[in-house]
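Novice: Sequence and predicted structure below; questions after.
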Amino acid sequence: MNLDSKVQLELRGISKSYVRDRKTFPVLDGVSIRVHEGEFVTLIGPSGSGKSTLFRLIGGVEVPDEGQVSIGGRVVTGMRGLISYMPQQASLFPWMNARDNIVSALEIAGVSRQEARTTTQEWLRRIGLDSVGNEYPRVLSGGMQQRVSFLRALLMPRDVMCLDEPFAALDALTRTDMQKWLLQLWETQRRSVLFVTHSIEEALTLSDRIYVLSPAPAQVMREITVPFERPRRADVWTEPAFTALKQEIMALLEQG
Amino acid sequence: MGNKVWWRVWPPAVSFAVFLALWQASCAVFAIDPWTLPSPVRIAMRMKEESGLLMKHLAATLQLAASGVGIGLAAGVALAIMLHLLPVVRSAISPFVIASQNVPLIALGPLLMIWFGFGLEPKLILLTLVCFFPIAWSMLAGLGRAEPYLREYLAMIGASKWQILRRLEIPASLPFLFSGLKITVTYSVTSAIVAEWLGASKGIGYYLVLKFKGYDTSAVFAAVICIVTMCLVLYGIAVLLEKWVVYWRPQSQPLRPGEKR
């Protein structure tokens, strides 16, 4: 990774706590992370380490108690509509077919309907999902729904893509499939991605850099640069360095 | 498939036939006066004799009921969206709206006639008051009950309040809207009849009054059959419309009473 390249997303000293039943629950404690242009960065941490909260802060749905969010060099804390987002649940609208789901999201992002339609159609064809465009979400498999959801996020004209455990609900085989698919697609596009996962293998397979978070209140325990070259081989997990890194992260998560 | 339909059709068909047969037999065996309880055959014959008149009055009632549903639908949807967007207004006027639904039609009808005369206006106002409520209230519930994860998705990509309304809340509320509409179409017919009963020169309600006064019980029964049939047809139309508009829900319906999400 060229460290001179532009920083697309930067979180500086983000802290956030919730108050429930008059008790304060700190969730994030001074988290600072960066995503450079064209970089795939993963956040990994135990359940309940505030990763989803972090996303809501980046999305501007919530405001941090301390710290600031910058996108493209501009401080945008609490501002909405600057990221594209792929949630854990595919979140496709049941009354629209796959194509219109994508078109609708692009329109929300300010793309004209005509342009949104053309782009969507072109991309569905390019990635071999032509036949899926006319289908309604309920007839699509979980993996297929997530492909549509990913394409929807990819086509949004925004600088940063936030993917929140997108494959967590899929079975193991589909998941491996989806990782391969996403890797291929991403490597042709090189968008700036912030990815959240529970799976160490997934993080190592996909990312350029990994931030390991501690349990709540979350802090960055370590920042790991993933040494494998791009385009990344699907069987990168066979390399000894992969196993070593996996053990290192596992140890961190256990100790945390 | 055909077999299944058949098995759903024949038990009620048989029970209905048995019911008619018992009725016919009782009338003959106990020699019941036709003006007390006419036999099914007598009703059918009277219905045939009166078919022209019945049709004419039925058409008038249908027109009144349909206007009520139309206005009620427009008013109900507009009110639901307004109350959804303005929670303050919602809490301010909800008690009035709910109270308005508890004023008996028998009291409201004559009042409206005192205020607006004997023309079409008081009847339309009465019908609109009856029709808008189920639509407005079920749609209002639906607007607030859009899937939370879709709401979260739209918030995350920066959708505005209007975009959320248009792209999520309104489509998500349509199944609820139709639950309300199905109630409304049946209400509308009975309310139209009450309105006509109170004062009109046409319509099936007017016809009923006339026939009651003349002790023409067979004609009263004939009219009731026409009314029930019309209600069923209107309900059927609402169901078909629902299937057509809410095409994305193959089986599941919005919550029925007593159901859990």
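Specialist: Arrived safely.
Novice: separation between A:A109 and B:S160?
Specialist: 12 Å (C-beta to C-beta, to the nearest Å). Placement of C-beta: from N, CA and C, glycine included.
Novice: Near chain B, which residues of chain A are found?
Specialist: Contact residues, chain A versus chain B (C-beta under 8 Å from any C-beta of the partner chain): A:55-56, A:59-61, A:80-85, A:87, A:89, A:91, A:93-95, A:104-105, A:108-109, A:136, A:138, A:156, A:162.
Novice: re the thing from before, overlap in contacts of A:A109 and B:S160?
Specialist: Common neighbours of A:A109 and B:S160 are not found (criterion: C-beta atoms under 8 Å, 6 or more residues apart in numbering or on different chains).
Novice: between these two, which one's more packed in?
Specialist: Neighbours were counted for A:A109 and for B:S160 using other C-beta atoms under 10 Å in any protein chain shown; A:A109 has more, 18 against 12.
Novice: Whichever strand or helix holds B:S26: which residues count as buried?
Specialist: Using DSSP states H and E, B:S26 maps to helix B:2-29. Residues B:W23, B:C27 are the ones in helix B:2-29 that count as buried (16 or more other C-beta atoms under 10 Å in any protein chain shown).
Novice: Check stretch B:134-148 too.
Specialist: Under 16+ other C-beta under 10 Å, the buried positions of stretch B:134-148 are B:P134, B:I135, B:A136, B:W137, B:S138, B:M139, B:L140, B:A141, B:G142, B:L143, B:R145, B:A146.
Novice: Which residues are in contact with the first one?
Specialist: When contacts are counted by C-beta under 8 Å, 6+ apart, B:P134 touches B:G76, B:G180, B:L181, B:I183, B:T184, B:Y187.
Novice: SS state for it?
Specialist: Recorded secondary structure, B:P134: helix (DSSP: H, G, I helix; E, B strand; the rest coil).
Novice: distance of it from chain A?
Specialist: 23 Å (C-beta to the nearest C-beta, to the nearest Å).
Novice: again, but for B:I157
Specialist: Separation of B:I157 from chain A (C-beta to the nearest C-beta) stands at 5 Å.
Novice: Wait, that residue touches A:P87, no?
Specialist: No: at 10.0 Å, B:I157 does not count as touching A:P87 under the criterion of C-beta atoms under 8 Å.
Novice: Tell me which of the two has more neighbours.
Specialist: Comparing B:I157 with A:P87 by other C-beta under 10 Å, the one with more neighbours is B:I157, at 25 against 22.
Novice: Report how many residues lie close to A:S131.
Specialist: By other C-beta under 10 Å, neighbour count at A:S131 equals 10.
Novice: Can you select the buried ones from the residues of chain A next to chain B in PyMOL?
Specialist: Of those, the buried ones go into a single PyMOL selection, burial set by 16+ other C-beta under 10 Å:
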select buried, chain A and resi 55+56+59+60+61+81+82+83+84+85+87+89+91+93+95+104+105+108+109+136+156+162
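Novice: Of the residues of chain A next to chain B, which belong to helices?
Specialist: Using DSSP state H, A:F55, A:R56, A:S104, A:A105, A:I108 are the members of the residues of chain A next to chain B that sit in helices.
Novice: Give me the three-state assignment for A:I14.
Specialist: strand.
Novice: Where does chain B get nearest to chain A, residue-wise?
Specialist: Across chain B, the shortest distance to chain A (C-beta to the nearest C-beta) belongs to B:G158, at 2.4 Å.
Novice: and that residue, what is it in contact with?
Specialist: B:G158 touches A:G59, A:G60, A:R80, A:G81, A:L82, A:I83, A:I108, A:A109, counting by C-beta under 8 Å, 6+ apart.
Novice: three-state assignment of it?
Specialist: Going by three-state DSSP: B:G158 is coil.
Novice: ok, A:Y211 touching A:L43?
Specialist: Yes: at 5.2 Å, A:Y211 and A:L43 qualify as touching, with contact defined as C-beta under 8 Å.
Novice: Export the contacts of B:G158 to a markdown table and append columns for pLDDT.
Specialist: What follows is the contacts of B:G158, written out as a markdown table (pLDDT from 0 to 100):
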| residue | pLDDT |
| --- | --- |
| A:G59 | 95 |
| A:G60 | 95 |
| A:R80 | 94 |
| A:G81 | 93 |
| A:L82 | 94 |
| A:I83 | 95 |
| A:I108 | 96 |
| A:A109 | 95 |
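Novice: I'd like to know which of those is nearest to B:A25.
Specialist: Set against B:A25, the nearest of the contacts of B:G158 by C-beta to C-beta is A:I108 (68.4 Å).
Novice: and the closest residue to A:L106 other than its chain neighbours, how many neighbours?
Specialist: Distances taken as C-beta to C-beta, 6 or more residues apart in numbering or on different chains put A:A116 closest to A:L106, at 3.8 Å, once the chain neighbours are dropped. Counted by other C-beta under 10 Å, the residues lying close to A:A116 total 23.
Novice: ok, which stretches of chain A are helices?
Specialist: Remark: helices assigned in chain A by DSSP H are A:51-58, A:98-108, A:113-126, A:142-155, A:172-189, A:200-206, A:240-255.
Novice: And the helices in the stretch 151-261 of chain B?
Specialist: B:161-164, B:170-198, B:204-213, B:217-245 (DSSP state H, counting those that start in this stretch).
Novice: shaky segments in the stretch 151-256 of chain A?
Specialist: A:256 (pLDDT under 70).
Novice: Smallest gap between it and chain B, at which residue?
Specialist: Nearest residue of the stretch 151-256 of chain A to chain B: A:M156, at 6.9 Å (C-beta to the nearest C-beta).
Novice: Distance-wise, check that residue relative to A:A116.
Specialist: Look at A:M156 and A:A116: by C-beta to C-beta, they are 10 Å apart.
Novice: shared neighbours, these two?
Specialist: Each of A:L106 lies in contact with both A:M156 and A:A116 under the rule C-beta under 8 Å, 6+ apart.
Novice: check contacts around the nearest residue to A:A203 once chain neighbours are set aside.
Specialist: Nearest-residue entry for A:A203: A:T42, 4.3 Å, with adjacent residues in sequence omitted and distances by C-beta to C-beta, 6+ apart. Applying C-beta under 8 Å, 6+ apart, we find A:T42 in contact with A:L194, A:F195, A:V196, A:T197, A:E202, A:A203, A:L206, A:S207, A:R209, A:I210, A:Y211.
Novice: now B:L129
Specialist: So B:L129 contacts B:S100, B:L108 (C-beta under 8 Å, 6+ apart).
Novice: Which strand or helix spans it?
Specialist: B:L129 belongs to helix B:120-144 when assigned by DSSP H and E.
Novice: Okay, angle between that helix and helix B:170-198 too, please.
Specialist: 150 degrees (axes from the mean of the first three to the mean of the last three C-alpha atoms, to 10 degrees).
Novice: For whichever residue of chain A sits closest to chain B, grab phi and psi.
Specialist: Proximity of chain A to chain B (C-beta to the nearest C-beta) peaks at A:G81, 2.4 Å away. With angles defined as degrees, to the nearest 10, A:G81 sits at phi 80, psi 30.
Novice: I'd say it and B:I157 touch.
Specialist: Yes: using C-beta under 8 Å, A:G81 makes contact with B:I157 at a distance of 6.9 Å.
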